[in-house]
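**Student:** build the 3D model from these lines:
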Amino acid sequence: MTHSFALHVPDVVLEPEPLDPARIVSGTPEVTGRVVWESDDGRRLRGVWQITPGTVTDTEADELFVVVSGSATIEVEGGRTFTVGPGDLAVLREGDRTTWTVHETLRKVYAINR
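**Tutor:** The predicted structure is shown next:
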């Protein structure tokens, strides 16, 4: 999209995203998402992302996100552990190694800078 826009996030249709089985710690989490805007150089992404209950590991990008629904506890290796839910804003630093324990299906909107 090259123009300004608005979306009702709960209604955004998401598409399955592959989840490396090696990242799954417990449960059978499934990930879906949709990039709603990407810069011409591909370095900035804006989108909607969702994950079902379970526990997964990740290495993060430079990301700011706001939780729309659901909840999760995010443990940052060598750093803080925090729980996020609807209305919470979080910032993850590029390279953070995290463990996400998703309690209820979590949907977030995000801004990633690469």
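**Student:** what residue is smack in the middle of this protein?
**Tutor:** For the chain, residue 49 is the residue whose C-alpha lies nearest the centre (C-alpha atoms, centre = their mean; 5.1 Å).
**Student:** ok, residue 49 touching residue 35?
**Tutor:** No - assessed by C-beta atoms under 8 Å, residue 49 is found out of contact with residue 35, at 9.4 Å. All C-beta atoms are positioned from the backbone trio N, CA, C, and that covers glycine.
**Student:** how far away is the residue nearest to the centre of the chain from residue 3?
**Tutor:** Applying C-beta to C-beta, to the nearest Å, one obtains 23 Å for the distance of residue 49 from residue 3.
**Student:** likewise residue 32?
**Tutor:** With C-beta to C-beta as the criterion, residue 32 and residue 3 are 25 Å apart.
**Student:** those two: which has the busier surroundings?
**Tutor:** More neighbours surround residue 32 than the other of residue 32 and residue 3, with 18 against 5 (other C-beta atoms under 10 Å).
**Student:** any idea how far the more buried one is from residue 79?
**Tutor:** If you measure residue 32 against residue 79 using C-beta to C-beta, the figure is 27 Å.
**Student:** remind me which residues of this structure are low pLDDT?
**Tutor:** Low-confidence regions of the chain, defined by pLDDT under 70, span residues 1-2.
**Student:** at 90 what do you get?
**Tutor:** For the chain, the stretches flagged by pLDDT under 90 are 1-3.
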